[in-house]
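Visitor: Following is a predicted model, sequence given first.
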Amino acid sequence: MSIVSNDQLVELTGGLRQGAAQSRWIQRNLGIKCPRKVDGHPLLTWEQVNHRPDERTRAQPKWSVAA
């Protein structure tokens, strides 16, 4: 599990350099609420980035139940 570096965060967030702005971008676009490092940048792993919550299995309709 490798942690995303500050330079990689800038690239991931489209050029945002401030930690608060990066955290907002990650929350809005990836749906991940992540803690902050001592320097104020988000603490994020590549596993979190690559396995986004919206790619998980979603609930399927129950066709046996009448609406």
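Guide: The structure has been received and is ready for your questions.
Visitor: Pull up the gap between W46 and L12, please.
Guide: Per C-beta to C-beta, to the nearest Å, W46 is found 10 Å from L12. Where you see a C-beta, it was placed from the backbone N, CA and C, and this is true even at glycine.
Visitor: so what's in contact with the two at the same time?
Guide: By the contact definition C-beta atoms under 8 Å, 6 or more residues apart in numbering, W46 and L12 are jointly contacted by V4.
Visitor: Which of those two has more residues huddled nearby?
Guide: Here W46 and L12 are compared on neighbour count by other C-beta atoms under 10 Å; more neighbours surround L12, at 19 against 13.
Visitor: What does the more buried one show for phi and psi?
Guide: With angles defined as degrees, to the nearest 10, L12 shows backbone torsions of phi -60, psi -40.
Visitor: Does it touch N50 like I think?
Guide: No - counting by C-beta atoms under 8 Å, no contact exists between L12 and N50, whose distance comes to 11.3 Å.
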